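S.K.: Sequence unavailable; structure follows:
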């Protein structure tokens, strides 16, 4: 009986290893396909949207390009899959995409039950509320009885319910799948309030007929650490996406930019030399060439450049770095050391 039980357990263990090994092929699959499939938002200015020529642009888009540059040395080798909040997780779980870079909150449920692995936080955010100025509201605590437009399949729904219940307020939710339809419903007067991440509110306000007629209320009611995600069980691919993120942060901290990256190869700073593959081939440990980080920075710049180009104070969104500043400048962004 004991021997049979041991044999069964060992059989299950071997089967588990086989399944794990079978699933741990994303990097090679991407290389063989010669293109990265990246799941992105259907349209969120500053993070993922198409310009007048149909080209994708935004902070999350640059993360897709960065990973393509790390793997291929070519940021153009990306196939973008625009996904709604409801579609995004099944698309990743079913291998329709290789990575998800779609302003997605890192939560325990997603990290466990849904089988996702988050490679880092590329934007620290929090949920807020937007109303029309003529509503005469200055605080979210004045919203009792309001009709609130919210996107389905998001953490926003749960946060909304928690906030109103905690503050003993009533509300009437209008739950819609597409964020563009949520925005339209709010803009047309179907609801009094629009709620989503604060960065999303800034983007949505730009799409309204007259942005000046809308005000974002001061309350931030949740923690929304957003970042790229991959499937669990594929450590090699997870390492590629994770260390691409860390390379972007370390490059900013070390002053390596899109413009000076070639010049920086001659630096005597050991941290810069390791980042740029001049001392030891750290790329080898994640299945990439020694100059993988050089390719990343050449393609999209460092994290700070990505931020300022897409959503910073000089863009229409006018978002300050705030908690997304480097740890050396009072923020939360902290790149793990390459050594």
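M.R.: Nice, thanks for sending it over. Here the structure is a predicted model, which is why all the values come from computation and not from measurement. Residues are numbered from 1 along each chain as shown.
S.K.: Assumed residue 202 was part of a helix.
M.R.: Yes - counting by DSSP: H, G, I helix; E, B strand; the rest coil, residue 202 is located in a helix.
S.K.: That one and residue 330: what is the separation?
M.R.: 21 Å (Cβ to Cβ, to the nearest Å). Heads up, the C-betas are built off the backbone N, CA and C, glycines and all.
S.K.: same thing with residue 64?
M.R.: In terms of Cβ to Cβ, residue 64 sits 29 Å off from residue 330.
S.K.: In terms of packing, which of these two has more residues around it?
M.R.: A count of neighbours by other Cβ atoms under 10 Å puts residue 64 above the other of residue 64 and residue 330, at 30 against 10.
S.K.: all helices for the chain, in order.
M.R.: 2-23, 26-33, 59-72, 85-93, 108-112, 155-166, 179-187, 198-207, 235-254, 261-264, 270-275, 292-300, 303-310 (DSSP state H).
S.K.: Check those helices for me and report the most buried one.
M.R.: A comparison of the helices of the chain by mean neighbour count, using mean count of other Cβ atoms under 10 Å, puts helix 59-72 on top with a mean of 27.
S.K.: any idea of the mean pLDDT in it?
M.R.: Mean pLDDT, helix 59-72: 98.
S.K.: begin at 302 from here
M.R.: Yep, numbering from 302; the last one is helix 360-373 now.
S.K.: Just want the angle from it to helix 604-611.
M.R.: 130 degrees (axes from the mean of the first three to the mean of the last three Cα atoms, to 10 degrees).
S.K.: any idea how far residue 584 is from residue 591?
M.R.: Counting by Cβ to Cβ - residue 584 and residue 591 are separated by 5 Å.
S.K.: And the two? Which one has more around it.
M.R.: Using other Cβ under 10 Å as the criterion, residue 584 and residue 591 rank with residue 584 on top: 19 against 15.
S.K.: Might one say that that one is in contact with residue 595?
M.R.: No - under the criterion of Cβ atoms under 8 Å, residue 584 makes no contact with residue 595, lying 9.7 Å away.
S.K.: Show me where the chain dips below the pLDDT cut-off.
M.R.: 302-325 (pLDDT under 70).
S.K.: ok, back up a step: identify the contacts common to residue 584 and residue 591.
M.R.: Counting by Cβ atoms under 8 Å, 6 or more residues apart in numbering, the shared contacts of residue 584 and residue 591 are residue 578.
S.K.: that older thread, can you list residues touching both of residue 584 and residue 595?
M.R.: residue 578.
S.K.: So for stretch 620-638, first residue to last residue, what's the gap.
M.R.: 27 Å (Cα to Cα, to the nearest Å).
S.K.: quick one: it to chain centroid distance?
M.R.: Centroid displacement of stretch 620-638 relative to its chain, using Cα atoms, centre = their mean, to the nearest Å, is 16 Å.
S.K.: Identify each buried residue in that stretch, please.
M.R.: 620, 622, 625, 626, 627, 634, 636 (16 or more other Cβ atoms under 10 Å).
S.K.: Kindly report the same for stretch 424-440.
M.R.: So stretch 424-440, judged by 16+ other Cβ under 10 Å, has buried residues 424, 425, 426, 427, 428, 429, 430, 431, 432, 433, 438.
S.K.: who are the neighbours in contact with the fourth one?
M.R.: Contacts were defined as Cβ under 8 Å, 6+ apart; by that measure residue 427 touches 498, 499, 521, 522, 523, 524, 525.
S.K.: And the first one, by the same measure?
M.R.: Contacts for residue 424 (Cβ under 8 Å, 6+ apart) come out as 348, 360, 404, 500, 526, 527, 528, 625.
S.K.: so of these, which ones are in strands?
M.R.: Within the contacts of residue 424, residues falling in strands by DSSP state E are 526, 527.
S.K.: and the end-to-end length of stretch 614-627?
M.R.: 16 Å.
S.K.: now it, how far from the centre of its chain.
M.R.: With Cα atoms, centre = their mean, you get 16 Å for stretch 614-627.
S.K.: Buried among the contacts of residue 427? Make that a PyMOL selection.
M.R.: Provided next is the PyMOL selection string for whichever of the contacts of residue 427 are buried by 16+ other Cβ under 10 Å:
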select buried, resi 498+499+521+522+523+525
